[in-house]
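Peer 1: Coordinates for the following, if possible.
(chains A and B)
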Amino acid sequence: MSLAFSAARRLGPFSYEASLEANEEIVVLFGHSGAGKSVTLQMIAGLLRPESGRIVIDGAPVFDSTARVDLAPQKRNVGYVVQDLALFPHMTVAENIAFGLPGGPEQRARVSGLLELLQLRDLKRRRPLSLSGGQQQRVALARALARDTRLLLLDEPFSALDESLRAGLRRELLRLRKEFGLTILFVTHDLREAHLLADRLAVFDAGRILQFEDRETVFRKPLSRRVAELTGVANIFAATARARTSQSIEVEVAGLRLACALPLASPPPPNQVVDVAIRSERVNLRRGRSSESEPNLFEAAIVEEFAYGATHTLRLEPVGPGPAIEVEIAARPYEVLGVSSQRQWLVELPSEHLHVMPQR
Amino acid sequence: MKRGVLIERGAATTLVVLTVAFALFFVLPFAGLIDRAIRDGNTIDLWRTQQVRDALFLSFWTSTISVVLAIVFGTPVAYLLARARFPGKAIVDAIIDLPIVLPPTVAGVALLTAFGRRGLIGQPIDNWTGFTFGFSTLAVVMAQTLVSAPFYVRAAKGGFEAINPQLERVAYTLGASRIRTFFRIVAPQARPSLIAGIILSWSRAMGELGATLIFAGNIEGKTQTMPLAIIQAFEGSSLGLAGAVALSLILLLVALVALVIFRTIANRSATPI
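Peer 2: Numbering: from 1, shown residues only, chains lettered A, B, ... in the order given. Next up is the predicted model:
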């Protein structure tokens, strides 16, 4: 099952233009609401017509503006699950699942197979409104899969659920993907959910895809400041490129020189203004004082502190040169280090986690 | 605290007094009708006269046809108004509502100027074919439909609007055509509103007087519906006020029984939601 998608359209205040492809994997469409994620699913499902573009499902074009192909949603055979699930309230669970199937003995076999697969057997005569959120969710999935669909479009399907239920359903989704070789497009604005589910991640902003790569790359090496912001990088500094060696590039941030590992294909020339990002959980706190021999260290004092239970988030202001910085530290090291009893720390920004981005 | 309690009690008393007064205002006319009918005692006799039977029968079936027309033509319009967005939608909406706010006599005059023998299209049709709409049973149905159908369209539109449009979109992705989606998903869910609309518009058609009188006239056995028979009786036919009372009571009872039967059937065949 493969999908190739590219489309453009005017959309309210901005123009939408995006392309992506997916092949037996979970592609997470991530971004704020209104960024164009849901619109993408609607275009693939045939519920919204692009002004131009081409959408190919399993080698067959379902939309092609130049060849004037535009299959009706009825003919595209994609499974579409929306945020509010849209279960048919006047039908039983079994009737909901059977809705898309032609009648007959095959229908019954298929429905009973799906009831089994999603553990809905005991609920088949119930109506959706009498079910719990998680059960409704499974009915919606079963209904979407009924027509032997290999492409699932899921528009924030878990957003109305408790965290405990979500975990189970995510596991369910990963199982289904593996079992049937599904291609899944999953829309979410939840960073944790995106990280957990994505094989690949497409970051949407104002109708564009800013970055579309495997999950780790997007999270560790955002292409731009905007991607870094959207994917929850707390520390993004404006910096100036200075010296450069074969392995690293030196940048200056607020009077402090920092060595950054060099992953860029085309590193910026000296004196170019760049952005430098580091995730708050990648910053280390150390005792002691800074020394000339060790790079990427500076002294800072804790000015604000938030305890989230499993983690603590600290905000530090530099004592000498260096940027203000946010540090996330797990509860255990927080206690072992004795962070609560000491205000002034040596902050280490490991060069392999400092990510240099060109400014746009 | 004490003052608060007093205000509480005052408010409760006011509420009760207002409710009782309002209820009395609605109940008394019917009580008067029944009281008068019992004292006159000729309701049963009138029931047996040909004129009353004709009028009742005519009212009944013209109203039913009007409602069927409202359903056939009004349902797609209501669905379109609930779902589609197009320029001038507000105007179409207002035009459909117009007969609700207009006095029926105005509707009758309007029908006459359009479909009457000298009317906008009545005249050319008369010239070509010799066919005239006015003063026929067809005119009764037209008058009733014009006045009553908006009630159905309004109720149906409200029912359709209350349905989550995602249901239809998901149904399309499940391979269901628009027609199948309408009958399997939309209509069953709008059912209470559709039934309410049918009852409203049927009742309105049964009670229609002004438009019918002007456009269809008051011809016994042809265009004389029950409300027209009542007016005729009241204005001094052989029947007199006593006749008007009896006819009113008959109309009231028949309409009531019909509505109860319709509701029962409609609810019984409904799948519980």
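Peer 1: Can you check the pLDDT for A:L197?
Peer 2: For A:L197, the pLDDT comes out at 89.
Peer 1: what's the neighbour count on the closest residue in space to it that isn't next to it in sequence?
Peer 2: Excluding the flanking residues, the one nearest A:L197 by Cβ to Cβ, 6 or more residues apart in numbering or on different chains is A:I26, at 5.3 Å. For the C-beta atoms, the positions are set from N, CA and C on the backbone; glycine is no exception. A:I26: 23 surrounding residues under other Cβ atoms under 10 Å in any protein chain shown.
Peer 1: what's the weakest-modelled helix or strand in chain B?
Peer 2: Lowest by mean pLDDT, DSSP states H and E among the helices and strands of chain B is helix B:43-47, with a mean of 77.
Peer 1: Which secondary structure elements does the helix or strand where A:E179 lies sit against?
Peer 2: In the assignment (DSSP states H and E), A:E179 maps to helix A:163-180. Here helix A:163-180 touches strand A:26-30, helix A:133-145, strand A:183-188, helix A:191-197, going by 3 or more Cβ pairs under 8 Å, 6 or more residues apart in numbering or on different chains; DSSP states H and E.
Peer 1: Could you rerun that using 10 Å?
Peer 2: Secondary structure elements in contact with helix A:163-180, counted by 3 or more Cβ pairs under 10 Å, 6 or more residues apart in numbering or on different chains; DSSP states H and E, are strand A:26-30, helix A:105-117, helix A:133-145, strand A:151-155, strand A:183-188, helix A:191-197.
Peer 1: Backbone torsions only: list them for the closest residue to chain A within the stretch 151-273 of chain B.
Peer 2: Proximity of the stretch 151-273 of chain B to chain A (Cβ to the nearest Cβ) peaks at B:L174, 3.3 Å away. Phi and psi for B:L174, reported as degrees, to the nearest 10, are phi -90, psi 10.
Peer 1: I'd guessed it sits against A:A144; true?
Peer 2: Yes - B:L174 is in contact with A:A144 according to Cβ atoms under 10 Å; the separation is 8.0 Å.
Peer 1: so what's in contact with these two at the same time?
Peer 2: Shared contacts of B:L174 and A:A144 (Cβ atoms under 10 Å, 6 or more residues apart in numbering or on different chains): A:V78, A:G79, A:Y80, A:I97, A:G100.
Peer 1: and the least confident of the residues you listed?
Peer 2: A:G100 (92).
Peer 1: low-confidence ranges in the chain?
Peer 2: You didn't pick a chain, so chain A it is. Applying pLDDT under 70 to chain A flags residues A:263-265, A:290, A:292, A:360.
Peer 1: not what I meant, chain B
Peer 2: Checking chain B against pLDDT under 70 turns up B:1, B:237-239, B:269-273.
Peer 1: Near chain A, which residues of it are found?
Peer 2: B:163-178, B:180-181, B:184-185, B:188-189, B:191, B:270-273 (Cβ under 10 Å from any Cβ of the partner chain).
Peer 1: What are the buried residues along the helix holding A:E179?
Peer 2: A:L165, A:R166, A:L169, A:R170, A:E172, A:L173, A:L176, A:R177, A:F180 (16 or more other Cβ atoms under 10 Å in any protein chain shown).
Peer 1: And stretch A:298-309, by the same measure?
Peer 2: In stretch A:298-309, counting by 16+ other Cβ under 10 Å, buried: A:F298, A:E299, A:A300, A:I302.
Peer 1: Now the residue positioned nearest the centre of chain B. Nearest residue, chain neighbours left out?
Peer 2: With distances taken as Cα atoms, centre = their mean, B:R204 lies nearest the centre of chain B, 2.2 Å away. Leaving aside its sequence neighbours, B:R204 sits nearest to B:S148 (Cβ to Cβ, 6+ apart; 4.0 Å).
Peer 1: where's that neighbour relative to chain A, distance?
Peer 2: Taking Cβ to the nearest Cβ, to the nearest Å as the measure, B:S148 falls 28 Å from chain A.
Peer 1: before we move on, what SS does A:L87 have?
Peer 2: The three-state assignment at A:L87 reads coil, by DSSP: H, G, I helix; E, B strand; the rest coil.
Peer 1: ignore the last one, A:G103
Peer 2: coil.
Peer 1: Let me see the contact set for residue 141.
Peer 2: Since you didn't name a chain, this refers to chain A. Going by Cβ under 10 Å, 6+ apart, the list of residues near A:L141 reads A:79, A:81, A:85, A:97, A:114, A:117-118, A:120, A:152, A:154, A:157, A:169, A:172-173, A:176.
Peer 1: think we crossed wires, I meant chain B
Peer 2: B:W61, B:T62, B:S63, B:T64, B:I65, B:S66, B:V68, B:L69, B:A205, B:T212, B:A216.
Peer 1: Can you give me the distance of the residue nearest to the third one when sequence neighbours are not counted to B:A149?
Peer 2: Using Cβ to Cβ, 6+ apart and skipping the chain neighbours, the partner closest in space to B:S63 is B:A205 (3.8 Å). B:A205 is 9 Å from B:A149, where distance means Cβ to Cβ, to the nearest Å.
Peer 1: what do the two both touch?
Peer 2: Common neighbours of B:A205 and B:A149 (Cβ under 10 Å, 6+ apart) are B:S66, B:V67, B:L69, B:A70.
Peer 1: Just these: which are in helices?
Peer 2: B:S66, B:V67, B:L69, B:A70 (DSSP state H).
Peer 1: May I see the PyMOL selection of the buried members of those?
Peer 2: Buried residues among those (16+ other Cβ under 10 Å), as a PyMOL selection:
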select buried, chain B and resi 66+67+69+70
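Peer 1: Farthest pair within the ones in helices among the shared contacts of B:A205 and B:A149?
Peer 2: B:V67 and B:L69 (7.2 Å; Cβ to Cβ).
Peer 1: Need the overlap of contacts for the two.
Peer 2: B:Q144, B:T145, B:S148, B:A149, B:Y152, B:S201, B:A205.
Peer 1: The fifth one: which element?
Peer 2: Taking DSSP H and E as the definition, one finds B:Y152 inside helix B:137-161.
Peer 1: Would you mark the buried spots in the helix or strand that comes right after that helix?
Peer 2: Moving toward the C-terminus from helix B:137-161, the next helix or strand (DSSP H and E) is helix B:165-173. Buried residues in helix B:165-173, counted by 16+ other Cβ under 10 Å: B:Q166, B:L167, B:E168, B:R169, B:V170, B:A171, B:Y172, B:T173.
Peer 1: how about the residue nearest to the spatial centre of chain A, what does it touch?
Peer 2: Centroid-nearest residue in chain A, with Cα atoms, centre = their mean: A:A194, separated by 3.3 Å. Going by Cβ under 10 Å, 6+ apart, A:A194 touches A:28-31, A:186-188, A:201-203, A:215, A:218-219, A:231-232.
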